[in-house]
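# okay, sequence plus prediction incoming.
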Amino acid sequence: MKAGIIVFPGINRERDMAIALERSAGKKPRMVWHRETDLSDLDLVVIPGGFSYGDYLRCGAMAAQSPIMAAIRGHAARGGHVLGVCNGFQILTEAGLLPGALLRNQGLRFLAMDCHLRVERADTDFTRHYQRGEVFRAPMAHGDGNYFADDATLDLLEGEGRVIFRYATPSGEVTPAANRNGSARNIAGIASANLRVLGLMPHPEDLVDPLMGGEDGKPLFDSITAALAA
Amino acid sequence: MARDVNQALAREFGLSAGEYRNVLEIMGRTPSLTELGVFSVMWSEHCSYKSSRVWLKQLPTKAPWVIHGPGENAGVVDIGEGLAAIFKMESHNHPSFIEPYQGAATGVGGILRDVFTMGARPIANLNALRFGDPKLARTRRIFDGVVRGIGGYGNCVGVPTVGGEIDFHPAYNGNPLVNAMTVGIADKTKIFLSAAAGIGNPVVYVGSKTGRDGIHGATMASAEFGADSEEKRPTVQVGDPFVEKLLIEACLELMATDAIVAIQDMGAAGLTSSSVEMAGKGGVGIELNLDHVPQRETDMTAYEMMLSESQERMLMVLRPDRQDIARAIFEKWELDFAVIGHLTDTGRIVITHNGQVEADIPLAPLADQAPLYHRPTEETPPQPPLGPVADPVGLGAALRTLIACPDLCSRRWVWEQYDYTIGGQTVMRPGAADAAIVKLDGRSRALALTTDCTPRYVQADPEAGGAQAVAEAWRNITATGALPLAITDNMNFANPEKPRIMGQFAAAIRGMAAACIALDFPVVSGNVSLYNETEGKPILPTPAIGGLGVLEDAAQAVGYALAPGLDLVLIGTTQGWLGQSLWLREVTGREAGPPPPVDLAAERRHGDFVRGEILAGRIAACHDLADGGALIALAEMALAGDTGITVEPGGDAAIWFGEDQGRYILATADSAGLLGRAAAAGVPAQRIGASGGALLTLPDGDTISLAELRRLHEAFLPGWMDGAS
């Protein structure tokens, strides 16, 4: 697997993502500066977390207009894999590669805490190393993670099986209390229709080593590494 | 701004009559407005340390592992494997009172720049915060703004906020304290310093544009507040963490080349202090043409540009043949890059603007003849002994009160707004251990980091309190298994022109110095914040200590979360010291008596023993005993590990809530072995309980469920803040 991490100005979890990818794939991903335009060497394009352009407009809105987005759209249109985490998820929705939007957290405060994610599908290239219904822990760290879409879109996502992760209790119940940022239907992560573009708010890349407090996030990176093994 | 320069204006700028006479003598004429501005900020308390320097010299600053002590932008210590840790703590107290969000945010931004300007990538932020009485609406507003500001800046810039401390006391009603600490890592052979060199070398300005914000901020930080202090809001700077993030990346990219001769951030007093200090340290002259300074407002005067404290700016001296490489890096990061002057051999700073010379000052006397005061001191009289104290409530009620009180309740509401996992190196998160543990990327080595001070002890006995602050930082690092290496200090005191306050300062330094020497724990950087006094009401003297230690193997670190099936062993001597204890204050309503004495030899002996046991792999959890004493420490261990404890019977409130120093609780599967080794090492130790179940069973047989304890512990901050709006 050849992975690349897109670095927009203000992105700040690119090194965390590189650690997680290297831990699963055994080789360092390529850091891709946002002015580059050619991604044809990559199997997996990752847009990591951070505050691209300071998030001074809407989160991800500036990055979504940058020239490299054309290359990312092309990669996705060719059936390439794209992973967007946190600000990366926000950028994917702003760019129209995933539906919906991420609003301010309910409660209007930044949330830095572990959450629990229930795996809704274990038959995607990103989740095969989990079991369906399995619950794993992931740190979240965001001010704008409140997933929103209109009911028709939410029904469509559910109908097509594109909700990949939901906020849940440690025992797997999908409750309002487990949904700290207030996301519609507890949605934490969704995929494109071909299941190859995945966006999620929490940070599985920050839980891939016992010294980080656990390896709950590692199966996601093991999954995509195995799926894209050359 | 056309003002006549005279003694009245000098007074307005914070210069005394004597200081202004000295300016006239150095200049040999009446200074220009810009020149007066330069003198006034360079000679302000904030920049010149004129009241504190004579005392700061008493602190030990050397050890074989110290690479750079005080005098640089931050302290530098050798942490092994060819690496250096660069760290410092700095206050942003006055701005945080006036405009809490921006005051705290720019405090974080400023301390980050002090660290990355030396070549380090910042890997952790901490803070030490003090607020007034929680019953006041203003305290709640300030608290909310400060927490949001620290989070807003640190989260965006991408440096984890891993630790800190918070106290409440009415003495901070008009003067909250916001002390921010940054720790960075660099190759120890690639440390960047600020002394300018190379006549003719270009002086380069990078970062944000200059505006009118923060003019005379350093002067504001050098005077007491009056009733009108909120009107000073225009002098508070506004932070842009996005630009700071770009500046970090651009500077570190440039530092990988050989282009930089010298570099310094523009902090307090902005372009003035950076240019004066760089040229002064290098023994050269400097000429600046302000026409080239990137400006965000129109028609700025030389005076305004030299005094502006606009954020996210750096000044560098470059090798002339590397200027293009440097420009390309800053253009890539879309940051301003401007050559605004060059070094000269004149020994003077010459500032021109619009073809006019606006300032021409000899640098040597500006530094050498800076005021230095040996202000009168008055000792704090010893507190009368406490005498017998009756226990009005019993152990269970006192525990329920203390675990819920503002000074001991859970800080979860705060740290859940700080990104503490970013970087992927946080081994011990907030609330898990006595010190935060942050690993070095790609290595097994880790740093242990803490901030500590117990201001009510310092108030009652400044010397003992100063020693205690250092000892507690050392103890918190030791309790994780790490070896304490060095400290940074942030001396927050009231008006030094009052002998009692200056006496507090001098005595606190004496206590700190004794502890630093006894514990091999030198001071490598620091900051002094005086005049923390509003309408004559002084803060509690608060010498906040930021401690740094090292662990060779992060996997050896222990936290205080308890597992079932273990024995609990108390290390150290318990007399039952209630003077200045939280039990005395929260249960009986008294702030009285002398604070607990600090026996530095015992501290060292107990700590070295505890660290040895942890590194031998024999300890499952460890917690130091501090505010609230043994029963609070046990309750915190139980809550962190969600495991009950049965405490041994016997003892009264003084035994269980006394704050005797030099103590730890260890959880071990083999208490007999531990007690035997402690006896052999001459370290007092006793078994005080065992873990298991879901109840805390107190020495008098009373029980409290962990669920109730947790509800009490977690209630205050969310309830207080939700009651806001």
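Sure, I can see it.

# who are the contact partners of the residue nearest to A:Leu211 when sequence neighbours are not counted?
Spatial nearest neighbour of A:Leu211, excluding adjacent residues (Cβ to Cβ, 6 or more residues apart in numbering or on different chains): B:Val427 at 5.1 Å. Yep, even glycine has a C-beta here, placed from its N, CA and C like the rest. Each residue near B:Val427 by Cβ atoms under 8 Å, 6 or more residues apart in numbering or on different chains is listed here: A:Leu211, A:Met212, A:Gly213, B:Ile437, B:Val438, B:Lys439, B:Ala446, B:Ala554, B:Ala557.

# the same query, at a cut-off of 6 Å, please.
For B:Val427, the contacting residues are A:Leu211, B:Ile437, B:Lys439, B:Ala446, B:Ala554, B:Ala557, by Cβ atoms under 6 Å, 6 or more residues apart in numbering or on different chains.

# I figured the first one was touching B:Ala557, is that so?
No - taking Cβ atoms under 6 Å as the contact criterion, A:Leu211 and B:Ala557 are not neighbours in contact, 8.9 Å apart.

# between the two, which is the more surrounded one?
A count of neighbours by other Cβ atoms under 10 Å in any protein chain shown puts B:Ala557 above the other of A:Leu211 and B:Ala557, at 25 against 20.

# give me the distance between the nearest residue to A:Ala61 once chain neighbours are set aside and A:Ala101.
The spatial neighbour of A:Ala61 that comes closest, neighbours along the chain excluded (Cβ to Cβ, 6+ apart), is A:Glu94 at 5.0 Å. Distance of A:Glu94 to A:Ala101, computed by Cβ to Cβ, to the nearest Å: 8 Å.

# so the two - more neighbours on which side?
For the pair A:Glu94 and A:Ala101, the greater number of neighbours falls to A:Glu94 (22 against 16), based on other Cβ under 10 Å.

# out of the contacts of B:Val427, the closest to B:Pro522 would be?
Comparing the contacts of B:Val427 against B:Pro522 with Cβ to Cβ places B:Ala446 closest, at 20.9 Å.

# excluding its backbone neighbours, what's nearest the closest one?
Spatial nearest neighbour of B:Ala446, excluding adjacent residues (Cβ to Cβ, 6+ apart): B:Ala554 at 3.7 Å.

# which residues of chain A lie near chain B?
Contact residues (Cβ under 6 Å from any Cβ of the partner chain) of chain A with chain B: A:9-10, A:12, A:16, A:19, A:51, A:54, A:109-110, A:112-113, A:139, A:141, A:206, A:211.

# tell me the buried residues in stretch B:689-697?
Buried positions in stretch B:689-697, judged by neighbour count with 16 or more other Cβ atoms under 10 Å in any protein chain shown: B:Gly689, B:Ala690, B:Ser691, B:Gly693, B:Leu695, B:Leu696, B:Thr697.

# please save the CA atoms from it in CSV.
Provided in CSV are the C-alpha atoms of stretch B:689-697 (Å, rounded to 0.1, in the frame of the first residue of the first chain):
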residue,chain,number,x,y,z
GLY,B,689,-5.1,-0.7,53.7
ALA,B,690,-5.9,-3.0,50.9
SER,B,691,-7.8,-2.6,47.5
GLY,B,692,-10.9,-4.3,46.2
GLY,B,693,-14.6,-4.0,46.0
ALA,B,694,-16.6,-0.9,45.3
LEU,B,695,-16.6,0.8,48.7
LEU,B,696,-14.2,3.1,50.5
THR,B,697,-14.2,1.8,54.1
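
# how far off centre is it?
Its chain's C-alpha centre and that of stretch B:689-697 lie 37 Å apart, by Cα atoms, centre = their mean, to the nearest Å.

# do the same with stretch B:585-592
Per Cα atoms, centre = their mean, the displacement of stretch B:585-592 from the mean C-alpha position of its chain is 28 Å.

# quick check: end-to-end length of it?
8 Å (Cα to Cα, to the nearest Å).

# sorry, back to before: quick check: the residue nearest to A:Leu211 is in a helix.
No - assigned with DSSP: H, G, I helix; E, B strand; the rest coil, B:Val427 falls outside any helix and is strand.

# any idea how far it is from A:Ala20?
Distance, B:Val427 to A:Ala20, using Cβ to Cβ: 16 Å.

# can stretch B:556-565 be found next to chain A?
No - judged by Cβ under 6 Å from any Cβ, stretch B:556-565 and chain A are separated, with a smallest distance of 8.9 Å.

# start to end distance for that stretch?
So stretch B:556-565: terminal residues 20 Å apart, Cα to Cα.

# wait, what's in contact with the residue lying closest to B:Met181 once chain neighbours are set aside?
Excluding the flanking residues, the one nearest B:Met181 by Cβ to Cβ, 6+ apart is B:Met89, at 3.9 Å. For B:Met89, the contact set (Cβ under 6 Å, 6+ apart) comprises B:Asn179, B:Met181, B:Thr488, B:Asn490, B:Gly546.

# what is the mean pLDDT for the helix or strand hosting B:Met89?
Taking DSSP states H and E as the definition, one finds B:Met89 inside strand B:83-91. Average pLDDT, strand B:83-91: 98.

# helices or strands up against the helix or strand bottoming out on mean pLDDT in chain A?
Counting by mean pLDDT, DSSP states H and E, chain A has its least confident helix or strand at helix A:61-64, which shows a mean of 94. Applying 3 or more Cβ pairs under 6 Å, 6 or more residues apart in numbering or on different chains; DSSP states H and E, we find helix A:61-64 packed against helix A:87-94.

# beyond the helix it packs on, next helix or strand please.
Past helix A:87-94, the next helix or strand by DSSP H and E is strand A:101-103.

# can you list the strands that the helix or strand that that next one is followed by pairs with?
Beyond strand A:101-103 on the C-terminal side, the first helix or strand identified by DSSP H and E is strand A:111-119. Here strand A:111-119 is paired, per DSSP bridges, with strand A:135-142 (antiparallel), strand A:163-168 (antiparallel).

# so which of those is the most packed in?
strand A:163-168 (a mean of 25; mean count of other Cβ atoms under 10 Å in any protein chain shown).

# please save the CA atoms from it in CSV.
Extracted C-alpha coordinates of strand A:163-168, given in CSV (Å, rounded to 0.1, in the frame of the first residue of the first chain):
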residue,chain,number,x,y,z
VAL,A,163,-23.1,4.6,8.3
ILE,A,164,-19.8,2.9,9.4
PHE,A,165,-19.4,4.1,13.0
ARG,A,166,-21.8,5.3,15.7
TYR,A,167,-21.2,6.8,19.1
ALA,A,168,-22.2,4.2,21.7
